[in-house]
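Visitor: Generate a structure from the sequence data that follows.
(2 chains)
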Amino acid sequence: MDFVKWGLNPWGQSILTHVSWTLFWASLFAGVMFFLAHGSYMLLSAHRGRPGTETDRLEAAHANLPTRIERHSLMARLFHWVMAASMFVLLFSAFLPVVGVKFAWVTWHWVAGLVLTGSIVFHIIHASLWLDFWSIWVGPKDIPEFKAEMLRELGQEVPGPKSGKYPLGNRLYHSAIVLAALSAVTTGVLMMSRVRTPFFTRNPYLFGDGAWGLTYVTHGLAGVGLVGLVIAHVYFAVRPEKWWITKSMLLGWITRRQYLEHHEPERWPVAANRPTSRT
Amino acid sequence: MAVIHDVMPAFELFQPASISDALTLLDRYGSDAWVMAGGLDSFDWLKDRIKRPKVVVDLSQVQGLRGIKEQNGGLEIGAGTTLTEVARHPLVRDKFGLLMEAADLVASPQIRNQGTIGGNVSQDTRCWYYRAGWTCYRAGGNICYADTPTAVNREHAILGADRCVAVNPSDTAPALVALDAQMVIQSASGERVVSAEDYFIGPGTDITRMTVLMPGELLTAIRIPPTWAGAQFYFEKVRDRNVWDFPLLNVASAASVSGENIERIRVVINAAAARPLRLHAVESAVVGKPRNEQTAELAGQIAIQGAEPLRYNGYKIPLMRNLVKRAIRGGGGTWTS
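Guide: Alright, predicted model coming up:
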């Protein structure tokens, strides 16, 4: 099975040209198999939220918290949905022709790519200046949470620690999507110099054949990787026990109980309501 | 090791005697099979070792693909009918002189005797970068060697380029699009009929193919409805060598005239893009107007809107403008009715 495709340049040299579409089918297969395997597992596994009694105790202790806790600002939600729409256009315009649905896909693809690029640039600036930048990243500080999550997956009752603002799986997914999306976007912007757009004077000789080959293969690998990642994301977004997270991406807030059930207040501190002053 | 280009490479040759046998073979071998009609496009590819099919299905023995018959006031032409037979057939001459003119201007008499109408409309592009075997976009790579700052691209596209700038070289294709022809495509799983306009596809839709034909499919017939029978036709082909060459550009038009004014019209240009282009904007603009210089000038100006020349093919823009003008008002090419 070939993972990449090779061709000949005018000098008779062997050059990389594309990723093999075999990997697209592999990524699609992996995404669907993950969906089936995880879905089956979830049917059989125990609920792994914080026990109700513990949540009741926490809710009593944090009664001064607002009943609705903001999880995603309007700008963060706008970014997410613009990025999601552009990602779907990118994936459908890239892979529908591969599966036999033929249409003029190139313009759709690069326009959606520019929208995605713009939204990512916005997100980086917004997250760096207005959000808690490090809350989404994974590091050594997350090892206790990782161990606790693994034990919960094995059916054990583990009191803590719970996650900060973002669950560990959420943050691991973010790392993967950052790698894939930035690879796709960076190579995609370079590849735009080879097609006709109003923005660049075409320059197919920006790089040599070898560098272009790597650019195309990287773009392809990122693209097929995103197929599996997006399937996983959509799957988790529609799972019943994750619906409260999806809903928060639509409405912007979660309830106080959801906050206490799924998060560690020390790791994601939320400002309490000010006591009402008496006159 | 040098390749001796006069010698055919090894492949398994099948010569089916019926359409059903041919379809069975194409179904069995799929993309490993090469369909050969007259062989005029095929032999270059095979001898140059650029295309290396495992199996060649030679259609020359399939009598069911040959012949022209009247059908519902129009015609049905077998895809294996030679271009000479098309150009000389009385029904084609009497009713659809546009196709007669187009077929008669293909290449040379010898080639027209051997070449088929199905092969003429389904032939691959003549872009020499592609035909030289380099891994360009059309060959599955990631670059168009004809669309680079130093490329020799005198014959290439001025419209509809999308990464690849190759053009469709067929003379009969624009005539069939102008006549609203229907292409009958058969495969082991059945038959589908697509309009001639939709039969040809550009690089934006599929950069590696010129037509909608998929592996396993065979163009078996071309149906020409009576819609334009006896209309006023115009066909003109401009080429470097008038005795034998592919078009630099060609234009085909079919028109019904009521009094002085154009009642309805089709105008199609080829060798300007990877597919024959029906000029819808021109057609809309000239309907209801008289066939005169003023209308022709308007049509010519509209036709070239959006044209983008490459380094060496800027001449195609005034050429296209003038061909469209002449297709509207006549002069230079052949009027038939």
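
Visitor: count of residues packed around the residue of chain A found nearest chain B?
Guide: Nearest residue of chain A to chain B (C-beta to the nearest C-beta) works out as residue A:7 at 2.6 Å. In short, each C-beta sits where N, CA and C put it, glycine included. Residues lying near residue A:7 (other C-beta atoms under 10 Å in any protein chain shown) number 21.

Visitor: what's downstream of the longest helix along chain A, the next helix or strand?
Guide: Secondary structure assigned by DSSP state H gives helix A:209-238 as the longest helix of chain A. Per DSSP states H and E, the first helix or strand lying C-terminal to helix A:209-238 is helix A:243-251.

Visitor: Can you check the pLDDT for residue B:187?
Guide: pLDDT for residue B:187: 98.

Visitor: Pull the contacting residues for it.
Guide: Neighbouring residues of residue B:187 by C-beta atoms under 8 Å, 6 or more residues apart in numbering or on different chains: B:23, B:26, B:27, B:214, B:216, B:217, B:218.

Visitor: So which of those sit within helices?
Guide: Reading helices off these with DSSP H, I get B:23, B:26, B:27.

Visitor: And the closest residue to chain A within the stretch 201-337 of chain B, how far from residue A:241?
Guide: Closest contact between the stretch 201-337 of chain B and chain A, by C-beta to the nearest C-beta, is at residue B:204 (3.5 Å). Computed as C-beta to C-beta, to the nearest Å, the residue B:204 to residue A:241 distance reads 44 Å.

Visitor: So which bits of the stretch 201-337 of chain B are right by chain A?
Guide: Listed as neighbours of chain A in the stretch 201-337 of chain B under the rule C-beta under 8 Å from any C-beta of the partner chain: B:201, B:202, B:204, B:205, B:206, B:212, B:308.

Visitor: Quick check: the farthest pair among the residues you listed?
Guide: B:212 and B:308 (25.4 Å; C-beta to C-beta).

Visitor: could you pull out the strands for chain B?
Guide: B:12-14, B:33-36, B:55-58, B:68-71, B:74-78, B:182-187, B:190-195, B:218-224, B:232-238, B:249-258, B:261-270, B:277-278, B:334-336 (DSSP state E).

Visitor: which stretches of the stretch 151-279 of chain A have low pLDDT?
Guide: Along the stretch 151-279 of chain A, the parts satisfying pLDDT under 70 run over A:160, A:274-279.

Visitor: Which residue does chain B have closest to chain A?
Guide: For chain B, C-beta to the nearest C-beta, closest residue to chain A: residue B:135, 2.6 Å.

Visitor: Count the neighbours of residue 164 for me.
Guide: Just going to use chain A. Around residue A:164 there are 22 residues (other C-beta under 10 Å).

Visitor: I was thinking of chain B, sorry if that wasn't clear
Guide: 27.

Visitor: OK, contacts around it?
Guide: By C-beta under 8 Å, 6+ apart, the neighbours of residue B:164 are B:127, B:136, B:137, B:138, B:144, B:146, B:147, B:203, B:207, B:274.

Visitor: Quick check: of the ones in helices among the contacts of residue B:187, which has the highest neighbour count?
Guide: residue B:26 leads the ones in helices among the contacts of residue B:187 on contacts (other C-beta under 10 Å) with 26 neighbours.

Visitor: close enough to count as contact, that residue and residue B:215?
Guide: Yes - contact criterion C-beta atoms under 8 Å: residue B:26 and residue B:215 qualify, at 7.4 Å.

Visitor: Now list whatever residues contact both of the two.
Guide: residue B:33.

Visitor: which intervals of the stretch 1-150 of chain A have sub-threshold pLDDT?
Guide: A:1, A:43-49.

Visitor: how about the strands in it?
Guide: A:4-8, A:14-19, A:68-70 (DSSP state E, counting those that start in this stretch).

Visitor: who does the shortest one touch, helix- and strand-wise?
Guide: Counting contacts by 3 or more C-beta pairs under 8 Å, 6 or more residues apart in numbering or on different chains; DSSP states H and E, the secondary-structure elements packed against strand A:68-70 are strand A:253-255, helix A:256-262.

Visitor: again, 10 Å this time
Guide: helix A:243-251, strand A:253-255, helix A:256-262 (3 or more C-beta pairs under 10 Å, 6 or more residues apart in numbering or on different chains; DSSP states H and E).

Visitor: Break down chain A into its helices, ranges please.
Guide: A:22-44, A:52-61, A:74-95, A:106-129, A:143-153, A:168-191, A:209-238, A:243-251, A:256-262.

Visitor: can you list those in CSV and add mean neighbour count and distance to residue B:174?
Guide: Below are these laid out as CSV (neighbours: other C-beta atoms under 10 Å in any protein chain shown; distance: least, C-beta to C-beta, whole Å):
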stretch, mean neighbour count, distance to residue B:174
helix A:22-44, 14, 37
helix A:52-61, 13, 74
helix A:74-95, 17, 30
helix A:106-129, 17, 25
helix A:143-153, 14, 66
helix A:168-191, 17, 33
helix A:209-238, 19, 35
helix A:243-251, 15, 53
helix A:256-262, 21, 66
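
Visitor: Which one of these lies nearest to residue B:123?
Guide: It is, among the helices of chain A and with distance given as C-beta to C-beta, helix A:106-129, at 24.6 Å.

Visitor: What is the neighbour count of the residue of the stretch 201-337 of chain B closest to chain A?
Guide: So residue B:204, with other C-beta under 10 Å, has 20 neighbours.

Visitor: and what of residue B:268?
Guide: 27.

Visitor: so what's it closest to, chain neighbours aside?
Guide: residue B:174 (4.0 Å; C-beta to C-beta, 6 or more residues apart in numbering or on different chains).

Visitor: mind listing what that neighbour touches?
Guide: Going by C-beta atoms under 10 Å, 6 or more residues apart in numbering or on different chains, residue B:174 touches B:98, B:102, B:121, B:168, B:196, B:200, B:235, B:237, B:247, B:249-253, B:266-272, B:275-278.

Visitor: can you rerun that using 8 Å?
Guide: B:102, B:250, B:251, B:252, B:268, B:269, B:270, B:276.

Visitor: Who are the contact partners of residue B:291?
Guide: By C-beta under 8 Å, 6+ apart, the contact set of residue B:291 is B:255, B:257, B:260, B:261, B:262, B:328, B:329, B:330.

Visitor: go on, residue B:171?
Guide: B:102, B:103, B:105, B:106, B:120, B:237, B:247, B:250, B:270.

Visitor: dump the residue contacts of the fourth one.
Guide: I take that to be residue B:106. Applying C-beta under 8 Å, 6+ apart, the residues near residue B:106 are B:83, B:112, B:115, B:120, B:171, B:172.

Visitor: The same query, at a cut-off of 10 Å, please.
Guide: B:40, B:83-84, B:86-87, B:112, B:115, B:117, B:120, B:169-172, B:237, B:244, B:246-247.

Visitor: Next to chain A, which bits of the stretch 1-150 of chain B? Give me the list.
Guide: Applying C-beta under 10 Å from any C-beta of the partner chain, we find that the stretch 1-150 of chain B lies next to chain A at B:129, B:132-137, B:139-145, B:147-150.

Visitor: try 8 Å this time
Guide: B:133-135, B:139-145, B:147-149.

Visitor: Could you identify the most distant pair in these?
Guide: It's B:140 and B:149 that sit farthest apart of these, by C-beta to C-beta, at 23.4 Å.

Visitor: For residue B:239, which non-adjacent residue is spatially closest?
Guide: Residue B:239 sits nearest to residue B:245 (C-beta to C-beta, 6+ apart), 3.9 Å away.
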